[in-house]
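Student: How does the following fold in three dimensions:
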Amino acid sequence: MDKKEYGVFGLGKFGSTVAVTLSKAGYEVIAVDSSEERVDAVADQVASTYVADVTDPNVLENMGISNLDYVIVAISRNMEASVMTTLLAKEKGVPTVIAKAENGIHKRILEKVGADMIVFPERDMGSRLAKGLMGGGFTDLVELSSEFSLVEVPIRKDWIGKSLRQLDIRNKYGLNIIGVKWGDNLEVNLDPDDSLKADTILVMVGRNNDLRRLGIRV
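Tutor: Predicted structure coming up:
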């Protein structure tokens, strides 16, 4: 399985944190902003950087956006740029576009132009902290939108020794396993036939309703 490639457009506090965190986890990250200062701040921590206007279709084409697996549109205060970038990313064939929204109107527009997931970082981080304090059967949780979350959960006892192919979690639960962790080690190039160990942490993403079917509080 090939390693996923991410594009992060907009390098404010939220975008730069996403870009650097993904890069440290071993993913290929392209980071883009119209500000040279912001680009320089992450240049030595990610695979590729561009100082560019991402609302220009030619710019996106030249940086190979159609080859990316995920695009995170971390522009929110400039609603026109946010919407245009989201629309262009989907038109270029990016499978998953996650966009940051400033308010409810912005969210509805992003939904209409094809954003797959929409986040309100400040609200979502507050919710994440509260749920972490309450507990609930997960190691870590990130709300990607009101409907989707990314979670790290300890492997269930009845899954130990089985492979991802045998578990068939995508078809049974509608969830995607995007990585596994052992201690501080994260593996994203998964062999679907490898047996899962007792100390495995599964990194999965999906709809909150599907996660709840596994007993995960989201």
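
Student: Quick check: the gap between the closest residue in space to residue 120 that isn't next to it in sequence and residue 156.
Tutor: Once flanking residues are discounted, residue 120 sits nearest to residue 101: 5.9 Å by Cβ to Cβ, 6 or more residues apart in numbering. Where you see a C-beta, it was placed from the backbone N, CA and C, and this is true even at glycine. Computed as Cβ to Cβ, to the nearest Å, the residue 101 to residue 156 distance reads 34 Å.

Student: Those two: which has the busier surroundings?
Tutor: residue 101 (23 against 13; other Cβ atoms under 10 Å).

Student: Residue 110 is in contact with that one, correct?
Tutor: Yes - counting by Cβ atoms under 8 Å, residue 110 is a contact partner of residue 101 at 5.9 Å.

Student: Model confidence score at the residue nearest to residue 120, please.
Tutor: Residue 101 carries a pLDDT value of 90.

Student: so what's it up against?
Tutor: By Cβ atoms under 8 Å, 6 or more residues apart in numbering, the contact list for residue 101 reads 76, 82, 107, 110, 118, 119, 120.

Student: Restricted to buried residues, select these in PyMOL.
Tutor: Remark: buried members of the contacts of residue 101, expressed as a PyMOL selection using 16 or more other Cβ atoms under 10 Å:
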select buried, resi 76+82+107+110+118+119+120
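
Student: Mark which of the contacts of residue 101 are part of strands, please.
Tutor: Counting by DSSP state E, the contacts of residue 101 place 118, 119 in strands.

Student: Sort the contacts of residue 101 by pLDDT and name the bottom one.
Tutor: For the contacts of residue 101, the least confident entry is residue 76, with 77.

Student: Surely it touches residue 109?
Tutor: No - assessed by Cβ under 8 Å, residue 76 is found out of contact with residue 109, at 11.6 Å.

Student: what about residue 192, how many residues close to it?
Tutor: Neighbours around residue 192, by other Cβ under 10 Å: 12.

Student: swap that for residue 206, please
Tutor: Residues near residue 206, counting by other Cβ under 10 Å, number 24.

Student: Helix, strand or coil: sort out it for me.
Tutor: strand (DSSP: H, G, I helix; E, B strand; the rest coil).

Student: before we move on, what about residue 8?
Tutor: Taking three-state DSSP as the rule, one finds residue 8 in the strand state.

Student: That one and residue 159: what is the separation?
Tutor: Taking Cβ to Cβ, one finds residue 8 at 33 Å from residue 159.

Student: which of those two has more neighbours?
Tutor: With neighbours defined as other Cβ under 10 Å, residue 8 and residue 159 compare such that residue 8 has more, 29 against 17.

Student: Name the spans of this protein whose pLDDT lies under the cut-off.
Tutor: Flagging of the chain using pLDDT under 70 yields the residue ranges 1-3, 122-146, 184, 218.

Student: the strands in it, which residues?
Tutor: Going by DSSP E, the chain shows strands at 5-9, 28-33, 48-51, 70-73, 96-100, 117-119, 140-143, 148-154, 176-182, 185-187, 201-207.

Student: In a markdown table, list the ones you listed along with distance to residue 15.
Tutor: Below are the strands of the chain laid out as a markdown table (distance: least, Cβ to Cβ, whole Å):
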| stretch | distance to residue 15 |
| --- | --- |
| strand 5-9 | 5 |
| strand 28-33 | 7 |
| strand 48-51 | 12 |
| strand 70-73 | 7 |
| strand 96-100 | 8 |
| strand 117-119 | 11 |
| strand 140-143 | 15 |
| strand 148-154 | 17 |
| strand 176-182 | 20 |
| strand 185-187 | 21 |
| strand 201-207 | 19 |
